[in-house]
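A.B. asks: Below: sequence and its predicted model.
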Amino acid sequence: MWPKLGYNGDLSPYQKNQLPQSLQGSETLHELYATQEGRDWWAEHGESTNVQFDLSHGSDSREILDAYQISKGMPPIDPMGKHQYRRTLDPSKENVHDGEIEPTRKNHA
């Protein structure tokens with residue numbers, strides 16, 4: 001639940017050892033949630049862990065929360081965030097990541 005709302009945390013050494021080969025190298029929940037396979041793995045094998053939410057403007061945490069808000073038909077929390085969306089999420093889907101958001105970084109020159 002918490003990762004899809006933007007909370008992040010380090011995977012424990014035990015969790016990292018349990019990852020399938022294709023997910024090896026993931027160090028955080030955000031990295032794991034970057035793929036459908038990672039989200040599916042966490043749904044089946046995830047366990048209680050310490051998480052935090054980065055409140056800074058344009059953070060990945062706020063960007064993920066914005067995507068969730070949009071997918072539920074609500075306005076984003078951080079409308080001037082650092083990403084622009086290549087696609088919109090399907091609000092009929094329960095998991096915000098089912099829409100496969102592919103954020104692109106804005107150029108800050």
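C.D. replies: Here it is on my side, so go on.
A.B. asks: Excluding residues flanking it in the chain, which one is nearest Gln18?
C.D. replies: His45 (6.2 Å; Cβ to Cβ, 6 or more residues apart in numbering). The way it works is simple: take the backbone N, C-alpha and C, and place the C-beta from them, glycine included.
A.B. asks: Can you list phi and psi of the one you found for me?
C.D. replies: Main-chain dihedrals, His45, degrees, to the nearest 10: phi -120, psi -10.
A.B. asks: can you map out the helices along this protein?
C.D. replies: 13-18, 29-32, 36-45, 60-71 (DSSP state H).
A.B. asks: Make TSV out of those and add distance to Trp2 and mean pLDDT.
C.D. replies: Converted to TSV, these look like this (distance: least, Cβ to Cβ, whole Å; pLDDT from 0 to 100):
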stretch	distance to Trp2	mean pLDDT
helix 13-18	15	93
helix 29-32	8	93
helix 36-45	10	93
helix 60-71	10	89
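A.B. asks: Output those helices as TSV; include the columns distance to Gly6.
C.D. replies: Shown next, in TSV, are the helices of the chain (distance: least, Cβ to Cβ, whole Å):
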stretch	distance to Gly6
helix 13-18	19
helix 29-32	8
helix 36-45	14
helix 60-71	4
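A.B. asks: Which one of the ones you listed lies nearest to Leu5?
C.D. replies: With Cβ to Cβ as the measure, helix 60-71 is the member of the helices of the chain nearest Leu5 (5.7 Å).
A.B. asks: chain center to that closest one: distance?
C.D. replies: In terms of Cα atoms, centre = their mean, to the nearest Å, the centre of helix 60-71 is set 8 Å apart from its chain centre.
A.B. asks: How about stretch 41-54?
C.D. replies: 11 Å.
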